[in-house]
Structure formats: structure tokens, C-alpha cells
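Enquirer: build me a model from this:
(2 chains)
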2 protein chains.
Amino acid sequence: MRFTSEHRLDDAVLEREFTLGEIPGLLWTPGPASAPAPLILLGHPGGLRKMYPRLVDRARHCAEQGYAAATIELPGSGDRPRSAAAEQARADLQRAVRAGEGVDAEIVDRLVLPLVDRAAPEWQGALDALLALPEIGGPVGYAGGVISIGVRLAVVEPRISAAVLFAGSFVPRAMVEEARQVTIPLLVLLQWDDESNDRQQALELFDALGSKEKTLHANMGGHTGVPSFEGDDGNRFFARHLT
Amino acid sequence: MRFTSEHRLDDAVLEREFTLGEIPGLLWTPGPASAPAPLILLGHPGGLRKMYPRLVDRARHCAEQGYAAATIELPGSGDRPRSAAAEQARADLQRAVRAGEGVDAEIVDRLVLPLVDRAAPEWQGALDALLALPEIGGPVGYAGGVISIGVRLAVVEPRISAAVLFAGSFVPRAMVEEARQVTIPLLVLLQWDDESNDRQQALELFDALGSKEKTLHANMGGHTGVPSFEGDDGNRFFARHLT
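Expert: Okay, the predicted model is just below:
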């Protein structure tokens, strides 16, 4: 892990860019540093630069609670090399959504499953590096999309204690099955009229998640319309579980 | 409105029993009294004595926020005269639930529609009397079940500014249509495995509600398993809307 830039957003938050091999990432730590901070991994759909305003807003929210926050670029997004197969699958999905047809499960599988298989070990590698920093301690939470990546991490990564999952992307059938293995406390956010989602599938995924403590928060509006009070609700969820 | 008893639960809450004609009720006011308090009407499935522990818990939660809380007995519950038709409908519904069959829409209509038609004007009468007290001011919220009564009140009673509705009872089809007329901000609570509810119908009702600002909180477990943190979430919801 190599830090490539650093600046203070204000007295409360230090923002650092880093690279982990070829993977760019961002780390926000609450300041001034005292005890090692719990860590929230901020999931997103890919494209750090485009997502930056929303990510930094969530990182500030984390810092208010004394949490560090970090994120990495997804495979095939931002400045990372594209995969022809993933680009084709993404184009097929967007065409199906625009046409107002149902999206074939086969397209969702082609787009999401390879992404999950590549991204999850990268997030785990980032977690290794982040937890080696003296300013970061446990426990660790995951917050955001891609929900399939969050589900995979919840299953394979025992250092993640709780997750806020954004049901804002299409989910392969295989991930619904995998969801039954999740046991950590979950808060699942659903935008009721999300255009990049299938509401019934999202409800099925919520139902399938194996966790005894799971809560669904559904709000009106489209993909980017998550109300700001859900940021506070997420903080309170983590305050209950990251202790 | 006639007060029949009064005692302090502690320094923070004054509890008074009252009758409104033949209808018994309870009023909790935060103390010591200063400015007129906003009012939360506490809905419940009927049976004030049986419901008392949960109602007083919610009333204390309200008082912590500076809200008064009040409730009245439902027609045909507690010490109020039974209706043979309602008792028959309740028995038919319980038999269908026990048998694990789907509950006929006809049974739900027979049980719930006359209850809503009788209860809603009674709640409005109680509201008249309560708002005439110097220690109660506006604005007014409704919190709890029966959700069909909450929906009717949200439609017909302009003094109710926001509602936390508990989706914990069967809902007549006609109420799903009526729900489209609701415009006030709503927080809807759903217990995912509620035995006295139909999950799909509850989701359809949530979808039908006409309010632009509505949030669904679904938690695991049965009818009485609403997590305690939902009390805090309800308070924050009212803090946003009862101002």
C-alpha cells in the first residue's frame, strides 16, 4: 500500500489517496488521531472519480462517529483496464433496461458474477493493508453497493462484523443462494422505484439473507434518491454493532 | 371528556385515565408542563388493559421527546360492548390463520371495515377533546396499528401531520385503494414473519400509499417482536415532521 497524496478536508478528516498494486483507493481518517479507529469499507458501483462526492459525504458521516472509511476502485472501472466481456454484458443490461423489458438472468450473471469473483479478494487485500496501519483498528463494517460484493464479503470475510447493503443493482440467482450463508447483522437499503434494480428480486434477496438481525429500509424514489436521514440511520446501526 | 384517575409515573410523565362518553382512554403528558406539547395518538389492536405495558412504554418514549401521548379503547374491545358480527368475523379469521390457509378477503372485510368505520370518528372526537386541553398543542401524529384505522385517519383527519403505521394486521382490499389518498409523511413498520399479517399484502399496501415521503422498516420476527430501536427511529421520524 502506497500513499500518493494527502490533504485535510477540514480539522475533522484526513483524506489520503493510495494504490495497492494497480488498484487506486481512498482512505479517510478522523482527526486528530487518538485510539485506532473502527473502519467502514465504502462500497460503490465503480468509478471513484464519479462517485467521489457521494463517497466523501459518507466518509465525513463516518468521521463524525469516529470511524475511518476506505474504498478501492472496482475491476474494470475508473482508470482500471476494461474487460471486453464485462463491457458487453453492461451494454446488454443497459439495452434491456432502456427497452423496459425484464433483464435476462443470463445477462446479470455475465455482468455481476465475474465482478464479485474479482472484487472480493481485492477488498480483502485492501483490508489486510488498512488494518496494518496503526491508525486503523477493528471492528470493520461494509456500507454501500454493489450488494452482491457485500454479500460475498459478508460470507468469506470474518473481519467484517456488520454491513449496510444498498439493494441498488441486479442480483444473480446464485448470489440469492449465497445470501443464505450470511450471519452478520445487516441493514438493507432499497429505493422503491430504483431503475437499476428489480424490486421483487431485492425483496427476495432480503428474505434469503441468513442473518437473524436484519432490517430493510425502503424509501421512495430512484437509485440516487436515498434520503439523507439514512446516513444517520446507518451510523446508528454501526454504533449498535461495531463495538 | 372526564378524567377519572391521575398519577405520576415518575417526574417525567403524568398518566391520566379518562372517559369520553362510553369510551375509556389514557393520556400521558410530559412534565413539568411548560409549552403545550405536540400529541401522538397511540393506535393498538384493542384491549387497553392487555396492551397497557406496551402503550406505557411508547408513551414514555414520547415524553422523552416532549410529546404527549393518548389512546382510546376500540369499539368491541376491553370493557366496551361486543358486536356479535365482529366476534364471529374474528373467530373465522383466527380459525383460518390456525389452519394455515389463506384468509378470505371476505372475512377480513367483515372484521376490519366496520371497525374502521366506527373507530375513526371516535379517534376524531378524542382529538377534539384532547386539543381543547391547555397542555396539548399541535402538531399531531398517529403511531401504531390498526393500520387500516391509521390509513382512514390519515385520509379524513387534516390535523394529523405524520404517522408511524404498524403493518401488523390484515387489510381489506378497499383500504388499499383508500391508501392512495394518503399524502402525509409515513413510516411503516413491518414484521417480516408476522403471523397476523400477510407480507405480500403489507408490501402492496405500502406501495399503494400515496405519500411522497414514506419509508418502510422491515424487521425479522413475529408480531410482537418489533426491535426497541424502532422506538427511537419513530421518535426521529416525528422530530423531522412534527415541527
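
Enquirer: which helices and strands does the strand or helix carrying A:Ala85 pack with?
Expert: Under the criterion of DSSP states H and E, A:Ala85 resides in helix A:84-98. Secondary-structure packing of helix A:84-98 (3 or more CB pairs under 8 Å, 6 or more residues apart in numbering or on different chains; DSSP states H and E): helix A:105-131. C-betas here are computed from N, CA, C, even on glycine.

Enquirer: mind listing what's buried in the helix it packs on?
Expert: Buried residues in helix A:105-131, counting neighbours by 16 or more other CB atoms under 10 Å in any protein chain shown, are found at A:107-116, A:119-120, A:122-123, A:126-127, A:129-130.

Enquirer: now stretch A:221-238
Expert: Within stretch A:221-238, the residues that count as buried by 16+ other CB under 10 Å are A:His223, A:Val226, A:Pro227, A:Glu230, A:Gly231, A:Asp233, A:Gly234, A:Asn235, A:Phe237, A:Phe238.

Enquirer: do me a favour and get the end-to-end distance for that stretch?
Expert: End-to-end distance for stretch A:221-238, by CA to CA, to the nearest Å: 25 Å.

Enquirer: next one: stretch A:136-153
Expert: End to end - CA to CA - stretch A:136-153 spans 19 Å.

Enquirer: that stretch and chain B, are they touching?
Expert: No - shown here: stretch A:136-153 not in contact with chain B (CB under 8 Å from any CB of the partner chain), separated by at least 15.9 Å.

Enquirer: beta partners of the residue sitting nearest the centre point of chain A?
Expert: In chain A, the residue lying closest to the centroid (CA atoms, centre = their mean) is A:Gly43, at 1.8 Å. Beta bridges link A:Gly43 to A:Gly144 when assigned by DSSP bridges.

Enquirer: mind listing what it touches?
Expert: Applying CB atoms under 8 Å, 6 or more residues apart in numbering or on different chains to A:Gly43 gives the contacts A:Thr71, A:Tyr142, A:Ala143, A:Gly144, A:Gly145, A:Val146, A:Ile149, A:Gly150, A:Phe166.

Enquirer: what subset of those residues is buried?
Expert: By neighbour count, with 16+ other CB under 10 Å, the contacts of A:Gly43 hold A:Thr71, A:Tyr142, A:Ala143, A:Gly144, A:Gly145, A:Val146, A:Ile149, A:Gly150, A:Phe166 as buried.

Enquirer: go through the residues you listed and name the one nearest chain B.
Expert: A:Phe166 (15.0 Å; CB to the nearest CB).

Enquirer: shouldn't the closest one be in contact with A:Ser148?
Expert: No - look at A:Phe166 against A:Ser148 with CB atoms under 8 Å: they stay out of range, at 11.1 Å.

Enquirer: returning to what we had before: list the buried residues for the helix holding A:Ala85?
Expert: Across helix A:84-98, burial judged by 16+ other CB under 10 Å covers A:Ala86, A:Ala89, A:Arg90, A:Asp92, A:Leu93, A:Ala96, A:Val97.

Enquirer: got a list of what the fifth one touches?
Expert: Remark: with contacts taken as CB under 8 Å, 6+ apart, A:Leu93 is in contact with A:Val103, A:Ile107, A:Val108, A:Leu111, A:Phe170.
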